[in-house]
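**Q** got a predicted model here, sequence first, then my questions.
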Amino acid sequence: MSDNHTKELLWMQIKTEKNELRHFQATDEATVYQIGCNQEIVTQLNMPAFQSKQETQSFLGMLMADEDAWAIVDRITRAVKGLIMLAPTLGDDGQTLVAYELSFAILPAYQRQGIISAILPATLQAYAQTTGVKTYNAACFLTNQASQASLLKAQFTKTYQTQLPAYLGGQRVQYYRCIVSASKSIK
């Protein structure tokens with residue numbers, strides 16, 4: 001990604017009526033710990049639960065260093081409700097950004113409030129306008145009905161199912177894709 005795109009991503013403002021995205025800060029350690037110690041969340045993110053404060057700090061450091069990792073924050077209380085991460089997918093040349101792979105998690109206290117289905121369209125539209133990338137992919141375990149419903153509400157479509165390799169847990173996942181049109185915003 002070019003330095004200009006990185007700078008633009010750092011200054012993007014993504015907001016809905018109730019929530020907004022911001023980059024992670026050192027003060028988010030307690031929330032990152034809650035995310036990383038919640039067995040349901042880490043299972044859906046396909047990562048091991050944190051075993052120490054050091055693992056929490058390491059993960060937070062990674063989030064803080066990543067311009068595509070966002071805290072989902074309540075616009076009134078400033079409470080962090082979850083996270084969204086977008087991983088760039090490069091084309092065959094190994095340099096051209098062609099898509100983003102999306103991951104997200106909401107803390108249990110804030111689940112089933114429509115946060116993801118509201119914030120995803122704003123996020124994808126902002127990324128499409130900033131980077132020119134129109135294709136966004138996400139994968140959900142077949143057992144994760146809530147995330148699948150959120151993706152469908154955010155205008156993702158089912159693309160295919162596959163079996164993860166054993167080193168990633170060996171479960172079946174459903175892939176989703178959203179193509180953001182340049183001529184209209186997604187809602």
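**A** That came through fine. Numbering: from 1, shown residues only.

**Q** how about the helices of this protein, start to end?
**A** 3-11, 29-37, 39-45, 53-65, 115-131, 145-153 (DSSP state H).

**Q** so which of those helices is nearest Ala109?
**A** helix 29-37 (9.2 Å; Cβ to Cβ). The C-beta positions use only the backbone N, C-alpha and C, and glycine is treated the same way.

**Q** just checking, what packs against that closest one?
**A** Packing partners of helix 29-37 (3 or more Cβ pairs under 8 Å, 6 or more residues apart in numbering; DSSP states H and E): helix 39-45, helix 53-65, strand 80-90.

**Q** the ones you listed into CSV, with extra columns for mean pLDDT?
**A** Shown next, in CSV, are the helices and strands packed on helix 29-37 (pLDDT from 0 to 100):
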stretch, mean pLDDT
helix 39-45, 80
helix 53-65, 92
strand 80-90, 91
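
**Q** coming back round to it: please identify which of the helices of the chain is closest to Thr89.
**A** helix 115-131 (11.8 Å).

**Q** could you export the closest one as PDB, CA atoms only?
**A** C-alpha atoms of helix 115-131 as PDB (Å, rounded to 0.1, in the frame of the first residue of the first chain):
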ATOM      1  CA  ILE A 115     -23.500  -2.700  15.600                       C
ATOM      2  CA  ILE A 116     -21.800  -4.600  12.800                       C
ATOM      3  CA  SER A 117     -24.600  -4.300  10.300                       C
ATOM      4  CA  ALA A 118     -24.600  -0.500  10.900                       C
ATOM      5  CA  ILE A 119     -20.800   0.100  10.900                       C
ATOM      6  CA  LEU A 120     -19.800  -2.200   8.100                       C
ATOM      7  CA  PRO A 121     -21.400  -0.300   5.200                       C
ATOM      8  CA  ALA A 122     -19.800   3.000   6.500                       C
ATOM      9  CA  THR A 123     -16.400   1.300   6.800                       C
ATOM     10  CA  LEU A 124     -16.500  -0.300   3.400                       C
ATOM     11  CA  GLN A 125     -17.700   2.900   1.700                       C
ATOM     12  CA  ALA A 126     -14.900   4.900   3.400                       C
ATOM     13  CA  TYR A 127     -12.300   2.300   2.400                       C
ATOM     14  CA  ALA A 128     -13.500   2.200  -1.200                       C
ATOM     15  CA  GLN A 129     -13.400   6.000  -1.500                       C
ATOM     16  CA  THR A 130      -9.900   6.100   0.200                       C
ATOM     17  CA  THR A 131      -8.200   3.200  -1.400                       C
END
